[in-house]
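J.: Would you be able to build a 3D model of this:
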Amino acid sequence: MPVDASGWLRLWPRWKLSTNTALESGPISTNSEVLERQAINVVRGLAMDAPHAARSGHQGTAMALAPLAHVLWTRILNYDAEVPDWPDRDRFILSAGHASILLYSMLHLTGYGLTRNDLREFRQWQSATPGHPEAGHTTGVEVTTGPLGQGIANGVGMAIAERNLRARFGIDVCDHRTFVVCGDGDLAEGISHEACSLAGHLGLGRLVAIYDDNHVTIDGPAELALSDDVPSRFRSYGWHVLDLGESAEDLETIETGIREAIDVTDRPSLVVLRSHIGHPSPDVDSPAVHGYSLTDEGIAETKRRMNLPTDEAFHVPEDVLNFYRTAGSRGSSLRIDWQARMAAWDGSREEWDAAWATGGVDGWEDALPSWESGTPMATRKASNACIQSLLDVVPGLIGGGADLTGNTGTTIKDRGIQADDCPEGRQIFFGVREHAMGAICNGLALHGGMLPVNGTFLVFSDYMRGAVRLAALSSAKVVFVWSHDSVGVGEDGPTHQPVEHIASLRSIPGLRVVRPADANETAAAWRHIVSSTGPTALLLTRQDVPVLIGTGDSAAVARGAYVLADADQPELVIAATGSEVAVAMDAAATLVASGRSVRVVSMPCIEDFAAQDDSYRESVLPANIPIISVEAGVTFGWDRWSDRQVGIDRFGASAPGGRVMTELGISPTAVVAAAEDLLA
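T.: Numbering: from 1, shown residues only. Reported below is the predicted structural model:
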């Protein structure tokens with residue numbers, strides 16, 4: 001649709017906006033149609049009042065989508081507000097997370113435990129209603145959204161999880177759908193293309209995305225920067241597309257359209273809904289109402305149009321609340337039926353429980369492999385051996401790589417390739433879609449029942465950072481395998497040689513960054529990963545490294561750092577990570593031969609080490625002994641742990657990996673020289 005002469009507003013005929021005037025005026029009635037319309041207006045009132053109380057937020061989208069939310073929560077979604085974590089509930093994702101007040105209003109009204117006061121505390125310190133929805137913070141919020149495009153990619157992960165669990169455990173215990181509400185911003189972000197392309201390829205028939213086509217962005221009309229033919233785009237992905245047109249106020253059309261999408265089981269569905277942001281306010285269709293434009297006068301006028309009290313904020317009449325609370329409890333019978341089927345189910349309850357605990361069956365640790373000291377092996381290969389060994393005993397394990405599956409050690413053999421004709425497959429080929437891969441794995445993890453692993457080269461973690469950050473923020477238990485973890489990559493050169501990436505990842509709160517020294521430390525790391533919570537970055541070598549003596553102590557590795565080689569009275573400590581632990585051991589041998597007394601510390605995970613008590617940290621890295629750190633990356637951050645840093649504070653170069661390492665100072669000779677200089 002073209003931009004009109006004002007350059008901002010496309011004038012929409014006012015008679016269209018007043019189609020439901022008869023329903024929006026008059027007292028609340030026991031007539032169902034009138035009550036439903038008044039209930040929608042109550043939601044719109046909350047969507048204005050909460051941002052106004054906070055003096056910030058997004059009013060317009062929540063107002064425009066109130067009828068859609070009403071249809072979803074009262075007619076479509078299978079859920080039980082009293083048991084919000086019921087495993088077989090439908091999943092709802094508000095990918096347009098800026099409209100969080102819409103989600104919070106529905107959670108309050110349907111009985112998830114959010115109170116009216118929680119809505120009044122919208123966006124305030126320690127409130128249950130933060131500016132954007134956060135999984136694990138607010139009951140009923142499935143995923144953390146706000147950065148646009150992430151939510152729809154999460155939905156793809158949830159749909160894969162549901163289909164995989166249903167195929168493996170049976171429809172009696174897993175039989176639900178995933179619904180996503182997205183907007184122009186979500187679909188403009190490149191991650192949406194990656195995720196939706198894969199969803200179409202996989203034929204995820206229980207994924208329904210509803211596109212809020214409101215033609216408005218913060219800068220102005222969407223047409224300033226966007227002219228995509230969205231329906232054609234999604235048809236090209238292989239999605240079923242249903243365009244409902246000007247039906248954002250028509251409850252019956254919305255319901256019929258969504259139910260038609262539900263009936264399509266061989267591919268995902270996109271339901272296109274043309275809405276008018278801010279309806280029925282005076283600011284309808286304006287870019288301003290995308291944010292917080294309606295204050296006292298605008299809110300009062302809008303409430304008059306909807307026959308809501310103009311002198312009462314957060315107005316929820318008793319009959320409207322009762323209507324929504326009834327809707328919130330209507331799924332209890334479905335949940336009770338599911339519990340009965342679960343009790344009578346003859347499948348493996350041990351595997352089901354282990355999957356939902358993202359852990360292993362009894363004795364799973366014994367399946368992990370070990371290697372003899374001196375064995376040369378790249379840690380990416382050792383990690384793949386660990387993954388293969390865990391498949392039978394960690395039933396939630398699933399994943400793959402972004403077109404680098406074999407290179408990164410994320411191959412899953414003999415368990416099927418995830419596809420529409422192999423829904424039980426645990427190998428996912430993500431294609432060259434790093435960002436979506438990360439966000440899809442977040443969805444897999446937050447759905448429950450899945451322990452997702454994904455892989456690419458460490459240098460390409462840059463393409464994934466948005467999803468990685470949200471994994472940490474939402475404590476999603478995802479294993480990010482990043483191989484080719486140093487300039488030891490070699491000939492591919494600085495475009496493919498990570499130097500700043502390790503330090504960058506360590507700066508993300510809540511992300512465990514593990515860089516194992518060898519194959520046995522890799523196995524110990526996997527044991528810790530499966531036993532722990534939250535996301536892990538597992539950084540692995542391309543090149544072979546020797547298996548060292550003493551690296552297989554799982555308890556020591558789990559503490560983040562430990563003494564690998566010691567002396568009676570060490571005068572120097574060399575602390576290293578990953579492939580540089582072997583370098584440190586060689587340097588220590590040279591120093592010891594020259595009469596020095598040296599301790600070598602393997603430090604696979606700084607985050608885990610920092611979490612230990614003072615006495616343990618002091619026992620490993622004493623404050624009164626000089627410490628050298630060795631890591632093939634930037635030295636940023638190492639001054640907390642060491643007095644002298646051996647690292648690479650520049651980009652790499654194209655040459656064989658060993659030559660690059662030596663030329664850039666990652667060698668026993670360079671470490672010995674630094675040690676002698678420090679001791680002198």
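
J.: Which residue is the nearest non-sequential neighbour of the residue positioned nearest the centre of the chain?
T.: The chain has N442 as the residue nearest its centroid, 3.3 Å off, counting by C-alpha atoms, centre = their mean. Sequence neighbours aside, A476 is the residue nearest to N442 in space, at 4.7 Å (criterion: C-beta to C-beta, 6 or more residues apart in numbering). Backbone N, C-alpha and C define where each C-beta goes, glycine included.

J.: now the strands for the stretch 101-250 of the chain?
T.: In the stretch 101-250 of the chain, the segments counted as strands under DSSP state E, counting those that start in this stretch are 178-183, 207-212, 240-243.

J.: by contact count, what packs against the last one?
T.: Just to be clear, that refers to strand 240-243. Under the contact criterion of 3 or more C-beta pairs under 8 Å, 6 or more residues apart in numbering; DSSP states H and E, strand 240-243 touches helix 230-237, helix 251-263, strand 269-273.

J.: The second one - contacts with which helices or strands?
T.: Spelled out, it's helix 251-263. Packing contacts for helix 251-263, counted by 3+ C-beta pairs under 8 Å, 6+ apart, involve helix 66-71, strand 207-212, strand 240-243, strand 269-273.

J.: Flag every buried residue along the helix or strand containing M585.
T.: Using DSSP states H and E, M585 falls within helix 580-593. Neighbour counts over helix 580-593 (16 or more other C-beta atoms under 10 Å) mark 580-588, 591 as buried.

J.: Check stretch 167-185 too.
T.: Result for stretch 167-185 [16+ other C-beta under 10 Å]: buried residues 167-169, 172-185.

J.: picking that back up, residue contacts, the residue nearest to the centre of the chain?
T.: Neighbouring residues of N442 by C-beta atoms under 8 Å, 6 or more residues apart in numbering: 143, 150, 153-154, 157, 467, 470-471, 474, 476, 478.

J.: Of the buried residues of helix 580-593, which is the nearest to Q612?
T.: V581 (18.9 Å; C-beta to C-beta).

J.: In three-state terms, label the spatially closest residue to that closest one that is not a sequence neighbour for me.
T.: Distances taken as C-beta to C-beta, 6+ apart put A517 closest to V581, at 3.6 Å, once the chain neighbours are dropped. Three-state call for A517 (DSSP: H, G, I helix; E, B strand; the rest coil): coil.

J.: how does this protein divide up, domain by domain?
T.: 34-279+305-334, 364-546, 559-679 (automatic domain parsing).

J.: Show the end-to-end separation of the first one, please.
T.: From its first residue to its last, domain 34-279+305-334 covers 28 Å (C-alpha to C-alpha, to the nearest Å).

J.: any idea of the mean pLDDT for that domain?
T.: Across domain 34-279+305-334, the average pLDDT comes to 97.

J.: Got phi/psi on R599?
T.: Dihedral angles phi and psi of R599 (degrees, to the nearest 10) take the values phi -110, psi 140.

J.: count of neighbours near it?
T.: Using other C-beta atoms under 10 Å, R599 is surrounded by 22 other residues.

J.: got it, and W125?
T.: W125: 6 neighbours (other C-beta under 10 Å).

J.: Next, find the distance separating it from A54.
T.: Per C-beta to C-beta, to the nearest Å, W125 is found 11 Å from A54.

J.: swap in V143?
T.: Distance of V143 to A54, given as C-beta to C-beta: 23 Å.

J.: which of the two has more neighbours?
T.: For V143 and A54, the more surrounded residue by other C-beta under 10 Å is V143, and the numbers stand at 31 against 18.

J.: wait, that one sits on S475?
T.: No - using C-beta atoms under 8 Å, V143 is not in contact with S475, being 11.7 Å away.

J.: Not counting sequence-adjacent ones, nearest residue to V479?
T.: Spatial nearest neighbour of V479, chain neighbours left out: V453 (4.1 Å); criterion: C-beta to C-beta, 6+ apart.

J.: who are the neighbours in contact with the one you found?
T.: Here V453 is in contact with 387, 397-400, 410, 441, 478-479, 481 (C-beta under 8 Å, 6+ apart).

J.: what would the residues you listed look like in a markdown table with pLDDT and secondary structure?
T.: What follows is these, written out as a markdown table (pLDDT from 0 to 100; DSSP: H, G, I helix; E, B strand; the rest coil):
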| residue | pLDDT | secondary structure |
| --- | --- | --- |
| I387 | 98 | helix |
| L397 | 98 | strand |
| I398 | 98 | strand |
| G399 | 98 | strand |
| G400 | 98 | strand |
| T410 | 98 | coil |
| C441 | 98 | helix |
| V478 | 98 | coil |
| V479 | 98 | strand |
| V481 | 98 | strand |
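
J.: Closest to G60 out of those residues?
T.: Nearest member of the contacts of V453 to G60, counting by C-beta to C-beta, is C441, at 32.4 Å.

J.: for this protein, what's the longest helix?
T.: helix 32-54 (DSSP state H).

J.: what's the angle from it to helix 251-263?
T.: Using axes from the mean of the first three to the mean of the last three C-alpha atoms, to 10 degrees, the inter-axis angle of helix 32-54 relative to helix 251-263 is 90 degrees.
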